[in-house]
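# Everything below, folded, please.
(chains A and B)
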Amino acid sequence: MSELFVVGISWRTAPVAVREKLAFRDEELSGTLQAMTSALPVAEALLISTCNRVEVYGVARPGADPTEQVRGFLASQRGLAPGAVADVLYGHRGSAAIRHVFSVASALDSLVLGEAQILGQLKAAYGVAAGAGTSGPVLGRCLERAFGVAKRVRTETAIARGAANVSTVAVDLAKRVFGNLTGKSVLVVGAGKMSTLAARHLYASGAQRIVVTNRSPEKAEALAAEIDGIARPWADLEGLLVDTDVVISSTGAREPILTRALFKRVTKARRWRQLVVIDIAVPRDAEPAIGELDGVYVFDIDDLEKVVAANLAERGKAAEHAGRIVEHEAGQFEHWLRSQGVVPTIRALREKFARVAESELQKTLDQLARKDHSPAQQREAISRLVQLVVNKLLHPPTAALREAAPDDASLRAEVLCQLFDLEPVVPAETSELAEAPDAGEAQSLVHESAEPTASERKVAT
Amino acid sequence: MTSAHERLLSVAPSPAFWVAVVAYAAAAIALLIVLGGHARLRPAAVALVGLAFVAHGADIGWRGTLHVHPAQSVREAIGFLSFIITGGYLLASARYRLTLGGAAVMPVSLVLLVAARLTPAGSAPEDLSTLGRIHISLATVGVGVFALASALSAIYLVEERALRRKRFDTMAFKDNGAPLEALDRLSHRLIWVGFPIFTIALVLGAVWVSRLGESLDRPEYPLAAVTWIFYAALLVVRQTYGWRGRRAARLTLAGFGAALVVLLIYLVRRMAG
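Next comes the predicted model:
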């Protein structure tokens, strides 16, 4: 049976300083995979390299355990001594490997539980492996199933619900006030990186206009150009506040810029229309007291972090349910994989039976064609044919039973009973069966078989 | 004032009434469970509200076949008011997730319905003129619309408070309730709808009372005027000064409070006979 394995490193086992040493660029993946499958006893392989993990998912050649060799291979590819990373590279085989792949796809193994990126990254990695010709039926089926499991986990559990980072929380909070952000305008005060991100998220959620203002007009222009916004002079701040719906503030000012006195004038001029102020600056840009004004909602960095923490806690609760889904699906996949091992045997058995039936049928047909037969003779010929086929098919197992050592014989008999759905047989009947296939007694066996036993009847139905 | 008339007024509750009562109670509980985090039960909860609404309508229809009409008395009108409130909630919840609102509205509808059906009928009113019927109908619809506006304002105040205090883990937050701006706007629109209806009802009521030759010194008359003044003031300050949000929501609730007191006085007087 071909066995799945995983060898890799992730944020769980190693810091970025170690992970970066083992990282692969996109254009290196294909060549690395081909080198691996030709050099090692690896039949199928996929390589995923993201900022949080570098992992090989593969299928071993029959009888081989290539995990150790893959460890060494990864190290040598990155110019490291095999011992340097051996203890941080984990290896899973069989069911543990299947569970790992399913967990990764479902973002249960991600740094941010339930994040959406990993699924896309995994699909891309699968695409590369397919392009390199290193993905095969087992790995392909495993990944297809993993994508299905990921979808199930996302829809059936709360694992991906609630914003998991500060800039999307800003969007969520604005939505609590406005519902739809379509047509709303956003004012970015200052030019922090976080405010840029938050403004982008708001824009992506439908906000119509982004206005940027900064003490330095050049910085305002630069940021406006970067995020498709409009730069406005700092002196217009009050007027800009009157015209906007969401303010994202992150200046480096030591004293609050958005003061209560300013906001009292602003809210009156706005006729108390709702205004969401997201203050990501430390020290804070907005005086907390403006949050008491009618229609003004102020959120500082702590509030945003608090929401993120609460959402992640909810995701954590959902992870347990998600884990059960992964467990169940992995079990089913394993079952499927195991059943693949007996497929060739089933095929051979069917072919052999078909061959025997075909050759005996041909002989009988030839006999019947040679001269005219009465209907009674034809019936006779057909019943002989059936008998011959049955005897030929039963000969090898009965011979094996008879020739087996006594200990082995009872085991074989038991297996036969299971395989042919026979009722447990007493020793006397077994000996009768053993005598039967001799040519002279064939006829009597036909008559005995005319009265089917209870278990045979069960098979027939 | 015939005895037959009295008998009709105290007509026994229909089977549909009992279905409505159970469905209202079950809907209220189901909505609370949804709020408790079992979002999957939402469709079932909304279906229960729908069932309550249908059963309630059937009960009104059944009474109609016995010649008991929604506008016949304040008692009947209160039952009809509860029906309007439930219908309005169903309409609004098709657009927004108003689980919290439903959990608040369902018990109100239930109490109003039970009060309207199970309180003693009291003596039958004087023969109702057409004017009287129109007055009662319009006043009921007007107050029903105000009740919906008030429910939205109440949700607004709860959600607004949670957001302002950054209580992100409260019930109001868990359900991703309706956005504040929408609640405020919807409540305002409802008052625009209810106000003219209520105004006409008041004028007709005054004409009716003066035709009956009764004096205008009953306490409910000035209170009804207070309700009207609250909503008139709300529309004016919103239009001219741009009042909205918290202040508007509080004024909406205050006006509805006055309207409720008027209804209570009617009901108590009727029960006292």
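# what domains does the record give for the chain?
With no chain named, the answer covers chain A. A:4-156, A:166-308, A:372-460 (automatic domain parsing).
# switch to chain B, that's the one I care about
B:1-119, B:152-273.
# how about these in a markdown table, adding mean neighbour count and mean pLDDT?
Where C-beta positions appear, they are placed from N, C-alpha and C, glycine not excepted. Formatted as a markdown table, those follow (neighbours: other C-beta atoms under 10 Å in any protein chain shown; pLDDT from 0 to 100):
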| stretch | mean neighbour count | mean pLDDT |
| --- | --- | --- |
| domain B:1-119 | 19 | 83 |
| domain B:152-273 | 18 | 84 |
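# closest to chain A out of these?
In terms of C-beta to the nearest C-beta, the element of the domains of chain B nearest to chain A is domain B:152-273, at 2.5 Å.
# chain center to the closest one, what's the gap?
10 Å (C-alpha atoms, centre = their mean, to the nearest Å).
# ditto for stretch A:6-13
Centroid separation for stretch A:6-13 versus its chain: 16 Å, with C-alpha atoms, centre = their mean.
# and A:V276, which of the three is it?
Recorded secondary structure, A:V276: strand (DSSP: H, G, I helix; E, B strand; the rest coil).
# follow-up on the earlier one: can you say which of the domains of chain B is nearest to A:S205?
Nearest of the domains of chain B to A:S205, taken as C-beta to C-beta: domain B:152-273 at 12.9 Å.
# can that closest one be found next to chain A?
Yes: using C-beta under 8 Å from any C-beta of the partner chain, domain B:152-273 comes into contact with chain A via B:159, B:163-164, B:166, B:168-169, B:173, B:178-182, B:184, B:241-247.
# excluding its backbone neighbours, what's nearest A:Y203?
Distances taken as C-beta to C-beta, 6 or more residues apart in numbering or on different chains place A:I210 nearest to A:Y203, at 5.8 Å, with adjacent residues excluded.
# in its sheet, what does the one helix or strand that neighbour maps to sit against?
Secondary structure assignment for A:I210, by DSSP states H and E: strand A:209-213. Partner strands and pairing direction for strand A:209-213 (DSSP bridges) are strand A:185-190 (parallel), strand A:230-232 (parallel).
# Averaged pLDDT, it. What do you get?
For strand A:209-213, the mean per-residue pLDDT is 92.
# So which residues of the stretch 201-350 of chain A form strands?
Using DSSP state E, counting those that start in this stretch, the strands of the stretch 201-350 of chain A run over A:209-213, A:230-232, A:246-250, A:275-279, A:296-300.
# In CSV: these, plus distance to A:S2 and mean neighbour count.
As requested, those are exported to CSV (distance: least, C-beta to C-beta, whole Å; neighbours: other C-beta atoms under 10 Å in any protein chain shown):
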stretch, distance to A:S2, mean neighbour count
strand A:209-213, 54, 23
strand A:230-232, 60, 17
strand A:246-250, 54, 26
strand A:275-279, 53, 27
strand A:296-300, 54, 23
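# near chain B, which residues of the stretch 201-350 of chain A?
With C-beta under 8 Å from any C-beta as the criterion, the stretch 201-350 of chain A comes near chain B at residues A:270-274, A:291, A:294-295, A:297, A:299, A:303, A:306-307, A:310.
# Can you lay out the strands of the stretch 201-350 of chain A as TSV showing distance to B:H135?
TSV is the format used below for the strands of the stretch 201-350 of chain A (distance: least, C-beta to C-beta, whole Å):
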stretch	distance to B:H135
strand A:209-213	51
strand A:230-232	57
strand A:246-250	48
strand A:275-279	44
strand A:296-300	43
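# before we move on, back to that, any chance of the strands paired with strand A:209-213 in TSV, with mean pLDDT too?
Formatted as TSV, those follow (pLDDT from 0 to 100):
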stretch	mean pLDDT
strand A:185-190	91
strand A:230-232	93
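# related to what we said a few turns ago, from memory the residue nearest to A:Y203 sits against A:A231, does it?
No: taking contacts as C-beta atoms under 8 Å, A:I210 lies outside contact range of A:A231: 10.2 Å.
# Between the two, which contacts overlap?
Listed as contacting both A:I210 and A:A231 by C-beta atoms under 8 Å, 6 or more residues apart in numbering or on different chains are A:A224.
# Quickly check: the helix or strand hosting B:P43 near chain A or not.
In the assignment (DSSP H and E), B:P43 maps to helix B:42-65. No: using C-beta under 8 Å from any C-beta, we find that helix B:42-65 stays clear of chain A, coming within 14.5 Å at best.
# Next, the residues that contact that helix from outside, please.
B:11, B:13-14, B:16-17, B:19-20, B:23-24, B:26-27, B:30-31, B:33-34, B:69-70, B:76, B:79-80, B:82-83, B:86-87, B:89-90, B:93, B:97, B:99, B:102, B:106, B:109, B:113, B:117.
# chain center to the very next helix or strand once past it: distance?
On the C-terminal side of helix B:42-65, the closest following helix or strand by DSSP H and E is helix B:74-95. Using C-alpha atoms, centre = their mean, the distance from the centre of helix B:74-95 to the centre of the chain it belongs to is 6 Å.
# rewinding a little: closest one to A:A222 among the domains of chain B?
domain B:152-273 (32.9 Å).
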